[in-house]
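Peer 1: test case, fold it:
(one chain, ligands or ions: 2)
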Amino acid sequence: MVTTSISGTAAAAGAEPAHPLEKAARGIRAGRPRPHRAPETAVSGARLLLSGLGIDLEGESLRRTPERMAAALAELLTPRPFELTTFPNDGGYDELIVARGIPMRSLCEHHMLPFVGTAHIGYLPGERILGLSKLARVLEHFSHRPQVQERLTTQVAGWLQEQLEPAGVGVVIEAEHLCMTLRGVQAPGTTTITSSLLGTLRDDGRSHAEFLALTYRR
Ligand SMILES: Nc1nc2c(ncn2[C@@H]2O[C@H](COP(=O)(O)OP(=O)(O)OP(=O)(O)O)[C@@H](O)[C@H]2O)c(=O)[nH]1
Ligand SMILES: [Zn+2]
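Peer 2: Ligands and ions are numbered 1, 2, ... in the order given. Sure thing, here's the model as predicted:
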């Protein structure tokens with residue numbers, strides 16, 4: 001079973017906005033808890049960072065921006081808990097199971113900017129098969145932390161191999177790193193492809209080729 005490893009803490013409430021429409025919107029939202037709150041130290045840090053960059057935080061629109069910014073980052077760094085549901089492989093299914101095109105987003109640990117793309121995750125089953133949604137949940141679990149794409153790819157593959165004990169596992173991720181396309185070298189359109197193949201998918205030529213053919217099909 002996988003459980004949440006990071007949890008947000010309550011941030012200080014922002015000043016009550018003056019505009020009646022905004023008050024009404026807050027009233028509508030009041031029935032449900034804000035999904036993510038960042039610690040006050042993170043809110044203070046965001047305020048300091050923005051001020052240091054010369055951004056004027058006075059005024060209704062920007063007054064709560066440090067709180068929102070810290071909460072947004074907390075959201076991106078907090079995986080949702082889930083249970084790993086598996087079933088007996090009663091039918092003796094022994095071909096590949098591949099979830100293609102799973103959307104992924106994570107934060108590059110060097111710049112704390114998003115990298116965004118798709119993942120293809122598959123395995124060759126052993127004694128048990130996995131609830132299909134769990135392939136996407138495992139990806140989300142390892143995406144919600146400061147990451148590099150290579151580590152994310154190997155963590156997802158390694159974890160599935162360890163927990164499910166299949167005959168083989170394959171993970172391919174293709175992502176755009178905003179730190180590379182929006183800033184710095186500014187190479188728009190560049191995507192990075194990483195892969196991790198374990199067990200039969202690594203060692204057996206036919207399985208290896210079949211997995212890559214399935215994942216690279218457009
Ligand atoms: N290997 C790897 N590198 C990454 C990943 N995400 C970002 N990077 C790179 O991390 C490197 C950090 O390099 P630095 O030279 O310290 O940072 P920088 O001065 O901002 O570099 P530029 O991005 O080239 O402007 C950059 O080359 C990024 O492209 C990733 O997932 N994997
Ligand atoms: Zn980066």
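
Peer 1: pLDDT below threshold where in the protein?
Peer 2: Residue ranges of the chain with pLDDT under 70: 1-35, 217-218.

Peer 1: how close does the most centrally placed residue in it sit to ligand 1?
Peer 2: By C-alpha atoms, centre = their mean, the mean C-alpha position of the chain lies nearest to Ser143, the distance being 3.2 Å. Ser143 sits 12 Å away from ligand 1, going by C-beta to the nearest ligand atom, to the nearest Å. Glycine gets a C-beta too; all of them are placed from N, C-alpha and C.

Peer 1: the closest residue to that residue other than its chain neighbours: what's it in contact with?
Peer 2: Of all residues not flanking Ser143 in the chain, Ser106 sits nearest, at 4.0 Å (C-beta to C-beta, 6 or more residues apart in numbering). Shown in contact with Ser106 (C-beta atoms under 8 Å, 6 or more residues apart in numbering): Leu76, Pro114, Phe115, Ser143, His144, Arg145, Gln147, Gln149, Leu152, Ala175.

Peer 1: from Glu60, how far out is Ser106?
Peer 2: 33 Å (C-beta to C-beta, to the nearest Å).

Peer 1: check the spacing between the spatially closest residue to Gly131 that is not a sequence neighbour and Leu164 real quick.
Peer 2: In space, and not counting its chain neighbours, Gly131 is closest to Thr85: 3.9 Å by C-beta to C-beta, 6+ apart. Between Thr85 and Leu164 the computed distance is 11 Å (C-beta to C-beta).

Peer 1: more neighbours: the two, which one.
Peer 2: Using other C-beta atoms under 10 Å as the criterion, Thr85 and Leu164 rank with Leu164 on top: 19 against 13.

Peer 1: the more buried one contacts Gly131, correct?
Peer 2: No - the pair Leu164 / Gly131 is not scored as a contact, 10.7 Å apart, by C-beta atoms under 8 Å.

Peer 1: who touches both of those two?
Peer 2: Here Leu164 and Gly131 have Thr86 as joint contacts, going by C-beta under 8 Å, 6+ apart.

Peer 1: in the chain, which residue sits nearest ligand 1?
Peer 2: Ligand 1 sits closest to Gly184 of the chain, with a gap of 3.0 Å, by C-beta to the nearest ligand atom.

Peer 1: got the domain boundaries for this structure?
Peer 2: 20-76, 86-216 (automatic domain parsing).

Peer 1: most tightly packed of these?
Peer 2: Counting by mean count of other C-beta atoms under 10 Å, domain 86-216 has the highest mean neighbour count of the domains of the chain, with a mean of 17.
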